[in-house]
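J.: after the sequence you'll find the predicted model.
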Amino acid sequence: MTLLNVLTFHRAIVSVIVKDMVDFLCCLSEAVIRWPTEPQTTNVKEQFRNMAQFPGVIGAVDGCHIPISTPDNCQNGYLDHNHTHSINLMAVCDANKKFTYCFAGCPGSVHDHDQRVFANSVLGQAVDTCSRQHFPSSHYHIVGNSAFQLQQHVMVPY
């Protein structure tokens, strides 16, 4: 067996292991990454208030680009503002830095990526409709940076 054959074999094994691990993590995600229930929101709100003296916060949202390898036929669609291929990831965490919501998959080329990705997510639609499942009170909100738009349940710097 040549060195090239050995390297190709090892790459194939690593590829299968990575795919299996990603599949496993995706199966676990719904059990681990969960939006707080109504009783939990009170606890999360108090943790944020104790940490930052800011009332009504039940999460902090931000987005980032995850570098990817793209197929030859769609490279331009995933080219981000840094001229690298990526997908957008948007996540919300609680006061303990535990993820409570994640949304990924929009191409890196999406303009105004944080707000656009947010608007296309289930959470963004919940904000638009003032979902009581996500925001049991009009006094609850998430905080984000200036890349997000000010909305009833999204507080941003001014």
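T.: Now that the structure is in, tell me what you want to look at.

J.: show me where the protein has helices.
T.: Under the criterion DSSP state H, the chain contains helices at 3-32, 38-52, 113-119, 122-129.

J.: tell me which of those lies nearest to residue 65.
T.: For residue 65, the closest of the helices of the chain is helix 113-119, at 7.5 Å, according to C-beta to C-beta. The way it works is simple: take the backbone N, C-alpha and C, and place the C-beta from them, glycine included.

J.: buried residues in that closest one?
T.: 113, 114, 115, 116, 117, 118, 119 (16 or more other C-beta atoms under 10 Å).

J.: give me the lowest-pLDDT entry from those.
T.: The member of the buried residues of helix 113-119 with the lowest pLDDT is residue 113, at 69.

J.: strands paired with the top strand by length along the chain, and their directions?
T.: Identified as the longest strand of the chain according to DSSP state E is strand 57-67. Strand 57-67 sits in its sheet next to strand 86-93 (antiparallel), strand 141-143 (parallel), going by DSSP bridges.

J.: quick one: distance of the shortest one to the chain centre.
T.: Here strand 141-143 shows a centroid-to-chain-centroid distance of 14 Å under the convention C-alpha atoms, centre = their mean, to the nearest Å.

J.: need the residues that contact that strand.
T.: Outside strand 141-143, the residues that touch it by C-beta atoms under 8 Å, 6 or more residues apart in numbering are 54, 56-61, 92, 135, 152-156.

J.: same deal with stretch 47-64?
T.: With C-beta under 8 Å, 6+ apart, stretch 47-64 has contacts from 36, 41, 44-45, 88-96, 100-101, 113-114, 117-118, 123, 135, 137, 139-145, 147-148, 154-155.

J.: now the buried members of those.
T.: Buried members of the contacts of stretch 47-64, scored by 16+ other C-beta under 10 Å, are 36, 41, 44-45, 88-95, 100-101, 113-114, 117-118, 123, 135, 140-144, 147-148, 154-155.
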